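1. Okay, here's the prediction I keep looking at, along with the sequence it came from:
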Amino acid sequence: MMDSLTPLDGALLVDKPVGPTSHDVVAAVRRRFNLKKVGHCGTLDPNATGLLVLVLGRGTKLAEKLMSDDKVYEGEIKFGVTTDSYDADGKVEATAPVPPLTLEQLNRWAASFVGDLMQVPPMVSAVKKGGVPLYKLARKGMEVEREPRLVHIYRFQFLSYQEPIGRFELACTKGTYVRSLAHDIGQKAGCGAYLASLRRLQSGAFHVRDATPMEEVLRWSPAELERHVIPLVELARAAGLLPTRPQ
């Protein structure tokens, strides 16, 4: 079976820019290199940047396993403004003066989210209610009850604050709505807030420092693509399906 593997069975680490959806990145790589099977291991919103793990060929069989990996992000939260999507893409719902905030105060609030957390998905999200994505209901002006989801926050820390922007780092389980955390911090501050920017630094064993910008990937020759593909055996090891190499 292993004899039938090709150099394009595995994974590719892409640094996604602002603009395209995760699906757009998948489609662009599939078209550029005429590949039959390409998938990704964890959606990034269009305005988010950073690590997008693409799986190619037989690597797609490991997508679900790799998608369940923990994630690390960095980003910025803007205080004093609330949007319907909890991020920069949404419509402004309210503005308020930003009270005096300190880095210490922000980190006390951030620490209160560390551990197990029941999160309610935003109305502007792809979660489905009765088979219909919530964002489609939100476009019609509807708000429906959403089931809370259990996530785990390992680390949530503000690195700096310069009014009205707080820069943070977050380590969490898959499925965590970072923009919901931004919204909730804004509620604690009493002035509202939204997620102004987000960058994924890490997914499981993979880090954005080892990823290649999307525009550069699309300029590669097929031979260059092959050189950058993480082989299926290494991918299975990263997914915990094979033992790690002895040190």
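-> Noted; the coordinates are in hand. Numbers count the residues shown, from 1 in each chain.
2. now T49: how far from L225?
-> From T49 across to L225, the span is 21 Å (CB to CB, to the nearest Å). All C-beta spots, glycine's among them, are computed from the backbone N, C-alpha and C.
3. So which of these two has more stuff around it?
-> T49 (21 against 18; other CB atoms under 10 Å).
4. Test of understanding: give the bridge partners of that one.
-> For T49, the beta-bridge assignment (DSSP bridges) gives partners R199.
5. Kindly report the same for H152.
-> D116.
6. mind listing the helices in this structure by residue range?
-> In the chain, the helices defined using DSSP state H lie at 22-33, 63-67, 103-111, 134-139, 178-189, 214-217, 222-228, 232-238.
7. Can you pull the phi/psi pair for the spatially most central residue of the chain?
-> The residue lying closest to the centre of the chain (CA atoms, centre = their mean) is L44, at 4.3 Å. Taking degrees, to the nearest 10, you get phi -110, psi 130 for the backbone angles of L44.
8. re earlier: can you tell me which of the helices of the chain the model trusts least?
-> Note on those: helix 134-139 shows the lowest mean pLDDT, a mean of 74.
9. Start and end of stretch 226-235, how far apart?
-> Using CA to CA, to the nearest Å, the end-to-end distance of stretch 226-235 comes to 15 Å.
10. any idea how far it is from the chain center?
-> Distance, stretch centre to chain centre, for stretch 226-235: 22 Å (CA atoms, centre = their mean, to the nearest Å).
11. Show me the contact partners of it.
-> With contact meaning CB atoms under 8 Å, 6 or more residues apart in numbering, stretch 226-235 is reached by 5, 7-13, 55-56, 58-59, 62, 66, 212, 217, 220, 238, 242.
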